[in-house]
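K.L.:
Would you be able to build a 3D model of this:
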Amino acid sequence: MPLVLEIIEGWIARRERRYVCVSGVHGVMESQDDDELRQIHNTAGMVTPDGMPLVWVSRLRGYRQVSRVYGPDLMLAVCECSTPKGWRHFFYGGAEGAPELLAARLRERFPNLQVAGTHSPPFRALNEDEDQQIVKMINDSAADVVWVGLSTPKQERWMAAHREQLTAPVLIGVGAAFDFHAGLKRQAPRWMQRSGLEWLFRLATEPRRLWRRYLINNPKFVIAVGMQLAGLRRYDSKND
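P.N.:
Alright, predicted model coming up:
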């Protein structure tokens, strides 16, 4: 986490326009079948492992320094780091009322947090005028960090599509962190998170919404990793 915070701080200081994909198994597997989504991840300023399975596989491949960067924890860490620096935060995403509740809860935790604005988009495709109104709203807010809570892969597509239109240096997709920190949904216990079992907790609490994400993508991930470790398949970031 310290290295991630250092990189983000550098982007803001230099006003570099970057986006961060906080990706778990779901994002990795969706990218295997979607060239555009894979390219979005490959061109991100940073992609961090949101789940323990990605950390374990990275370490098996020799990257011993890799550690988990959990989206909700990243949000808290950036907010804490930002208060003495005066960074301004915009919260985009979530159901109606969720980003406002999130901002209020974070202000309770970090009294000096600078909230530039909030917006919950409708659950439908936006027309061009609506989209440009949102771009203007965010730019007018003079935000330094835009938090995007649209779930994967929608938030990754949104960040990539709007990166050059937004003046905020940093966009970070954190999905369910909006609901967790707003108090709308429960997080898995820490022991489940450390054990790589957060997916089971989330599946149990939202089976209708998340069954495909976990019951299809998780086995596919295990098979893909097994084939790679056995030398039966090589995964190239551009071609496979």
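K.L.:
Could you check how far the nearest residue to residue 225 once chain neighbours are set aside is from residue 46?
P.N.:
Leaving aside its chain neighbours, residue 225 sits nearest to residue 57 (5.5 Å; criterion: CB to CB, 6 or more residues apart in numbering). To be clear about C-beta, it is placed using only N, CA and C from the backbone, and glycine gets the same treatment. Look at residue 57 and residue 46: by CB to CB, to the nearest Å, they are 18 Å apart.
K.L.:
Compare these two (neighbour count), which wins?
P.N.:
residue 57 (20 against 17; other CB atoms under 10 Å).
K.L.:
That one is in what secondary structure piece?
P.N.:
Assigned by DSSP states H and E, residue 57 belongs to helix 52-60.
K.L.:
So for the following helix or strand past that helix, what gets flagged as buried?
P.N.:
Using DSSP H and E, the helix or strand that follows helix 52-60 in sequence is helix 71-82. Of the residues in helix 71-82, 71, 72, 73, 74, 75, 77, 78, 79, 81, 82 count as buried by neighbour count, 16 or more other CB atoms under 10 Å.
K.L.:
Please apply the same query to stretch 111-129.
P.N.:
113, 114, 115, 116, 117, 118, 119, 120, 121.
K.L.:
Relative to residue 210, how far out is the closest residue in space to residue 4 that isn't next to it in sequence?
P.N.:
In this structure, residue 4 finds its nearest non-sequential neighbour in residue 69, 5.6 Å apart by CB to CB, 6+ apart. To residue 210, residue 69 is 21 Å away according to CB to CB.
K.L.:
And residue 117, its phi and psi?
P.N.:
Per-residue torsions, residue 117: phi 170, psi 170 (degrees, to the nearest 10).
K.L.:
buried stuff in stretch 141-159?
P.N.:
Quick answer for stretch 141-159 (16+ other CB under 10 Å): 141, 143-153, 155-159.
K.L.:
average pLDDT for that stretch?
P.N.:
Averaging pLDDT along stretch 141-159 gives 96.
K.L.:
Extract the C-alpha set from that stretch and format it as CSV.
P.N.:
As requested, the backbone C-alpha atoms of stretch 141-159 are provided in CSV (Å, rounded to 0.1, in the frame of the first residue of the first chain):
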residue,chain,number,x,y,z
SER,A,141,-15.6,20.5,-9.0
ALA,A,142,-11.8,20.8,-9.3
ALA,A,143,-11.4,17.2,-8.0
ASP,A,144,-8.0,15.6,-7.6
VAL,A,145,-9.3,12.1,-7.2
VAL,A,146,-12.4,10.7,-8.8
TRP,A,147,-13.6,7.5,-7.1
VAL,A,148,-15.7,5.3,-9.5
GLY,A,149,-18.1,2.8,-8.1
LEU,A,150,-19.8,1.2,-11.1
SER,A,151,-18.6,-2.4,-10.7
THR,A,152,-16.3,-4.4,-13.0
PRO,A,153,-16.1,-4.1,-16.0
LYS,A,154,-18.3,-1.0,-16.3
GLN,A,155,-16.1,1.2,-14.2
GLU,A,156,-13.0,0.2,-16.1
ARG,A,157,-14.6,1.1,-19.4
TRP,A,158,-15.9,4.4,-18.0
MET,A,159,-12.4,5.4,-16.7
